[in-house]
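Visitor: Everything below, folded, please.
(one chain, ligands or ions: 1)
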Amino acid sequence: MQTLWTMTARSQPDYRRTALPDRCDTVIVGGGFTGLTAALELARAGRSVIVLEAGQLGSGASGTNAGFVVPNFAKADPAAVRAKLPRAQADNLLSLVGSGADAVFSTIASEDIACDAAQTGWLQPAYGSEMADVLRHRAVLWQELGRPVEFLDADAIRAETGMAIYSGGLIDHSGGTIHPLDYLHGLAKAVFRHRGLVRENSLVRTLSTDGRGHRIGLDDGEIRTDSVLVATNAFTSGIAARMGRTGIPLRVYQIATRPVSADVLARISPRRRPVGDTRSNLFTYRLDRDNRLISGGMALNPMGAATRVGRSVADRLARELGIAQPGIEVVWTGTAIMTPDFLPRIYQFAEGVFGGIGCNGRGIAMTAQLGRILARLALGEPAREMPIPLRQARALPFHGLMPLVASAGLAEARLSDWLSNRA
Ligand SMILES: Cc1cc2nc3c(=O)[nH]c(=O)nc-3n(C[C@H](O)[C@H](O)[C@H](O)COP(=O)(O)OP(=O)(O)OC[C@H]3O[C@@H](n4cnc5c(N)ncnc54)[C@H](O)[C@@H]3O)c2cc1C
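Guide: Okay, the predicted model is just below:
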């Protein structure tokens, strides 16, 4: 599939023929941000590690996302997390997610990854005065946790976006943007540099355990290992099924427009800050290095959706930003995953076999943390010391029908925005 990222990647190395030993300390299943971050951490710690990726690097969400680096939860604010978990555990988890963007940008700096990384800050404009009050309070909670978050008034948000419909908003100065595919390839190169291995076209079909550890079954052979990390996100093929069925898959469409003019740029994004507002039918935009606008949306009906959603996202960009229709350069799609409580998960499937889902639309920052946590588990650190609590991997009933649930959720979101607009 062609995406903005495949069109503009600096390089796309081919790892289909990596020679593999028949044993290693840890096998990582899935070569997205989670798997490669875990691999980098383990390789840096001197462990022998192999990442097995079913398709090409970037076939999953890590290659198809929009590159907004956002250090918080899309659907669970600090107050909601504190309501769900004991206070100390909640604050550990919030500190983890709050420092997720810093984790991404520090890995990029320390491994010298060229990926258009821009830690410009992330803006969340508030739609309606009630939401402005929520964000004002949220800013205080993040500040108490030591995060560089501020509330901006309506004029400041207007100066940042050119949009007058907002009643204020948040800025998290640690957020920003990246070229996700370049970041992913940079992580893979770093894994090799630290003597780890990555192989593409390597679907892991089976996992069995005996007195001598684990056996990983591939179409063309077998690898023995002491520990296994499952980093397969929304996928359900081969051994990914058990974890993938614990979340709700969401098909998301992204577009990149033709580059916008310097005048438009100066009005809608003078500091090149990525934007994601508070509406249920979220409005987002950011720029790539060539000043294309990137935005996204979902479809109620998947038939022929790419063209239809592409057009409606471009129309929405023009309408909301008050600009001429910029023209679409590319539309692409990917599958994200939501957990039922919107929080990240770690699972233990057997002794030495762990899995994790970073998820929830803001996975770039979260997976940088999740990968590290999975690596710590593979290194033998106790699960009870992790900031994400260990959970039972329970498949959601009627998992196959979940896309319908997501469509119903989108319809409800559109209705609720329409109603609040009329109120
Ligand atoms: C369209 C879209 C837009 C998004 N935009 C943003 C954004 O702007 N900002 C943000 O923070 N987050 C965003 N996200 C979410 C973010 O991209 C994800 O949370 C993150 O990339 C998940 O990384 P991962 O490594 O866990 O999973 P993935 O990147 O999905 O990697 C899982 C990998 O496992 C492989 N695999 C599966 N089964 C097997 C098997 N049996 N054997 C071997 N390999 C297997 C797959 O091929 C895949 O490459 C977006 C997601 C989508 C889909």
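
Visitor: so who does the residue of the stretch 301-423 of the chain found nearest the ligand touch?
Guide: Here the residue of the stretch 301-423 of the chain nearest the ligand is Gly363; by C-beta to the nearest ligand atom that distance is 1.7 Å. From N, CA and C alone the C-beta is placed, and that goes for glycine too. Taking C-beta atoms under 8 Å, 6 or more residues apart in numbering as the contact definition, Gly363 lies against 33, 61-62, 65, 233, 336.

Visitor: change it to 7 Å
Guide: Applying C-beta atoms under 7 Å, 6 or more residues apart in numbering, we find Gly363 in contact with 33, 61.

Visitor: ok, now the one 5 residues further on?
Guide: Counting by C-beta under 7 Å, 6+ apart, Ala368 touches 33, 37, 100, 103-104, 107.

Visitor: mind listing the helices for this protein?
Guide: Shown for the chain, the helices assigned by DSSP state H span residues 4-8, 33-44, 61-64, 78-84, 87-98, 100-110, 129-144, 154-161, 180-193, 241-244, 262-268, 305-321, 363-378, 402-422.

Visitor: With mean pLDDT added, can I get these in TSV?
Guide: Conversion of the helices of the chain to TSV gives the following (pLDDT from 0 to 100):
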stretch	mean pLDDT
helix 4-8	98
helix 33-44	98
helix 61-64	97
helix 78-84	88
helix 87-98	93
helix 100-110	98
helix 129-144	95
helix 154-161	98
helix 180-193	98
helix 241-244	94
helix 262-268	97
helix 305-321	95
helix 363-378	97
helix 402-422	58
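
Visitor: Looking at the ones you listed, spot the one closest to Glu351.
Guide: Closest to Glu351 of the helices of the chain, according to C-beta to C-beta: helix 363-378, at 11.4 Å.

Visitor: Just the CA atoms of the closest one, as CSV, please.
Guide: As requested, the backbone C-alpha atoms of helix 363-378 are provided in CSV (Å, rounded to 0.1, in the frame of the first residue of the first chain):
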residue,chain,number,x,y,z
GLY,A,363,0.5,4.8,20.4
ILE,A,364,3.7,6.4,19.3
ALA,A,365,4.5,7.8,22.7
MET,A,366,3.0,4.9,24.5
THR,A,367,4.8,2.2,22.6
ALA,A,368,8.1,3.8,23.4
GLN,A,369,7.3,3.1,27.0
LEU,A,370,5.5,-0.2,26.5
GLY,A,371,8.5,-1.6,24.6
ARG,A,372,10.8,-0.8,27.5
ILE,A,373,8.4,-2.4,30.0
LEU,A,374,8.2,-5.6,27.9
ALA,A,375,12.0,-5.6,27.8
ARG,A,376,12.2,-5.3,31.6
LEU,A,377,9.9,-8.2,31.9
ALA,A,378,12.0,-10.3,29.6
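
Visitor: Renumber starting at 52 from here on
Guide: Yes, from this point I'll number from 52; that puts the last item at helix 414-429.

Visitor: by how many degrees do it and helix 231-244 diverge?
Guide: Between helix 414-429 and helix 231-244, the angle comes out at 20 degrees (axes from the mean of the first three to the mean of the last three C-alpha atoms, to 10 degrees).

Visitor: chain center to helix 414-429, what's the gap?
Guide: Here the centre of mass of C-alpha atoms in helix 414-429, compared against the chain's by C-alpha atoms, centre = their mean, to the nearest Å, lies 12 Å away.

Visitor: Would you mind getting the angle between that helix and helix 138-149?
Guide: Using the same axes, to 10 degrees, helix 414-429 lies at 120 degrees relative to helix 138-149.

Visitor: Domain map for the protein?
Guide: Per automatic domain parsing, the domain ranges recorded for the chain read 52-165+226-298+392-443, 173-224, 299-389+450-474.

Visitor: Buried deepest among those, which one?
Guide: When neighbours are counted by mean count of other C-beta atoms under 10 Å, the highest per-stretch mean among those falls to domain 52-165+226-298+392-443, a mean of 20.

Visitor: All good on my end, thank you.
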